[in-house]
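Visitor: Build me a model:
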Amino acid sequence: MKFLLVLGLFVVACSAQTTAQSETETSLQAAVDAAKQACIDETGVPEAVVLRVRNLQPVISRKGKCYAACLMDKFQVMDENNYVDVEKTVQVNVPVLGDDPDVLNAARRVFTLCSANYEMDRCDFAHNFLTCIFRFEVTSKLRFLL
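Guide: Just a heads-up that it's a prediction; the model follows:
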């Protein structure tokens with residue numbers, strides 16, 4: 001599963017042609033959808049809670065917060081100590097953010113800011129991190145990942 005996600009993101013990053021990009025975006029969306037479904041299956045989170053996470057509404061259920069942690073695990077951007085690899089997070093999201101250095105630097109600042117308070121439960125941290133990053137315009141386009 002992780003291999004397919006990494007492969008899909010690699011293909012997106014390397015794609016130069018419009019047709020190939022269109023196909024790659026489809027495969028990226030398929031990888032994202034697969035990660036979401038895997039996290040729904042792993043956490044047992046109800047669809048109503050997934051929608052709350054997707055809409056950045058407060059989630060008080062443990063399953064909803066752990067769904068957020070699962071997504072971060074699937075994209076391999078958070079380690080076992082809740083440390084977010086900011087550079088990897090930026091690189092994983094280049095297909096969505098684009099390659100404008102100003103946008104990537106802004107995203108880098110957002111990821112750094114939102115990952116500062118990592119000394120908490122894994123599920124709480126992931127939920128807080130994702131809620132934080134989507135408050136900023138530069139990273140709001142990543143919401144499809146939820």
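Visitor: Name the spans of this protein whose pLDDT lies under the cut-off.
Guide: 1-28, 141, 143-146 (pLDDT under 70).
Visitor: Tell me which residues of stretch 29-44 come out buried.
Guide: Buried residues in stretch 29-44, counted by 16 or more other Cβ atoms under 10 Å: 31-32, 35-36, 38-40, 43. Where C-beta positions appear, they are placed from N, C-alpha and C, glycine not excepted.
Visitor: can I get these in CSV with distance to Arg135?
Guide: Listed next are those as CSV, based on distance: Cβ to Cβ, whole Å:
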residue, distance to Arg135
Ala31, 25
Val32, 21
Ala35, 22
Lys36, 21
Ala38, 26
Cys39, 22
Ile40, 24
Thr43, 24
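Visitor: Mind jotting down where the helices sit in this protein?
Guide: Secondary structure of the chain (DSSP state H): helices located at 2-14, 18-43, 47-54, 62-74, 86-97, 101-114, 122-133, 137-140.
Visitor: Kindly state which of those helices is positioned closest to Glu80.
Guide: Minimum separation from Glu80 across the helices of the chain (Cβ to Cβ) falls at helix 122-133, 8.2 Å.
Visitor: if we can go back for a sec, export the helices of the chain as CSV, with columns for distance to Glu80.
Guide: CSV is the format used below for the helices of the chain (distance: least, Cβ to Cβ, whole Å):
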stretch, distance to Glu80
helix 2-14, 15
helix 18-43, 16
helix 47-54, 22
helix 62-74, 10
helix 86-97, 15
helix 101-114, 18
helix 122-133, 8
helix 137-140, 24
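Visitor: Stretch 116-123 spans what distance, first to last residue?
Guide: 15 Å (Cα to Cα, to the nearest Å).
Visitor: cool, and stretch 108-128?
Guide: With Cα to Cα, one end of stretch 108-128 sits 17 Å from the other.
Visitor: what's in contact with it?
Guide: 53, 59, 62, 64-66, 68-69, 71-72, 78, 81-84, 86-87, 89-90, 129, 132-133, 136, 138-139 (Cβ atoms under 8 Å, 6 or more residues apart in numbering).
Visitor: how distant is that stretch from the center of its chain?
Guide: Relative to its parent chain, stretch 108-128 has a centroid offset of 12 Å by Cα atoms, centre = their mean, to the nearest Å.
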